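Q: Have a look; sequence and predicted model below, questions after that.
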Amino acid sequence: MFQVTVDAAKCVGDEECVDVCPVDVYEMQDGKAVPVNAEECLGCESCIEVCENDAITVTEV
């Protein structure tokens, strides 16, 4: 199981994480990525790789 967090202050809303996530963890809300399905996270870290602002953290719990 993984905990997914997005630092809203760093998120620029480019939707890269939304596009790359294979299990639809993220949804755009008010121009920011929000991990609405974090329980589905596979821990692949694709979202981290595409986030140029280091706004995403994925931690195994």
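A: The structure has been received and is ready for your questions.

Q: name the element residue 14 belongs to?
A: Using DSSP states H and E, residue 14 maps to neither a helix nor a strand.

Q: Secondary structure element holding residue 44?
A: Residue-wise, residue 44 maps onto no helix or strand under DSSP H and E.

Q: any idea how far the residue lying closest to it once chain neighbours are set aside lies from residue 50?
A: Once flanking residues are discounted, residue 44 sits nearest to residue 22: 6.8 Å by Cβ to Cβ, 6 or more residues apart in numbering. (Each C-beta comes from the backbone N, C-alpha and C, glycine too.) Note on residue 22: its distance to residue 50, by Cβ to Cβ, to the nearest Å, is 12 Å.

Q: now residue 9
A: Distance from residue 9 to residue 50, by Cβ to Cβ: 18 Å.

Q: Who has more neighbours out of those two?
A: residue 50 (16 against 8; other Cβ atoms under 10 Å).

Q: check contacts around the residue nearest to the more buried one when sequence neighbours are not counted.
A: Leaving out its chain neighbours, the residue that sits closest to residue 50 by Cβ to Cβ, 6+ apart is residue 16, at 4.1 Å. By Cβ atoms under 8 Å, 6 or more residues apart in numbering, the contact list for residue 16 reads 47, 50, 51, 52.

Q: Can you give me every residue that contacts the last one?
A: Residue 52 makes contact with 12, 14, 16, according to Cβ under 8 Å, 6+ apart.

Q: Need the per-residue pLDDT for the last one.
A: Pointing back at residue 16 there. Note on residue 16: pLDDT of 98.

Q: And it, how far from residue 55?
A: From residue 16 across to residue 55, the span is 10 Å (Cβ to Cβ).

Q: Can you tell me, leaving aside adjacent residues, what's nearest to residue 10?
A: residue 55 (3.7 Å).

Q: Check that neighbour and give its pLDDT.
A: For residue 55, the model assigns a pLDDT of 98.

Q: sorry, back to before: can you name the two of the contacts of residue 16 that sit furthest apart?
A: Based on Cβ to Cβ, the longest span within those runs between 47 and 52 and measures 11.6 Å.

Q: mind listing the strands in the chain by residue range?
A: 2-6, 26-29, 32-35, 56-60 (DSSP state E).
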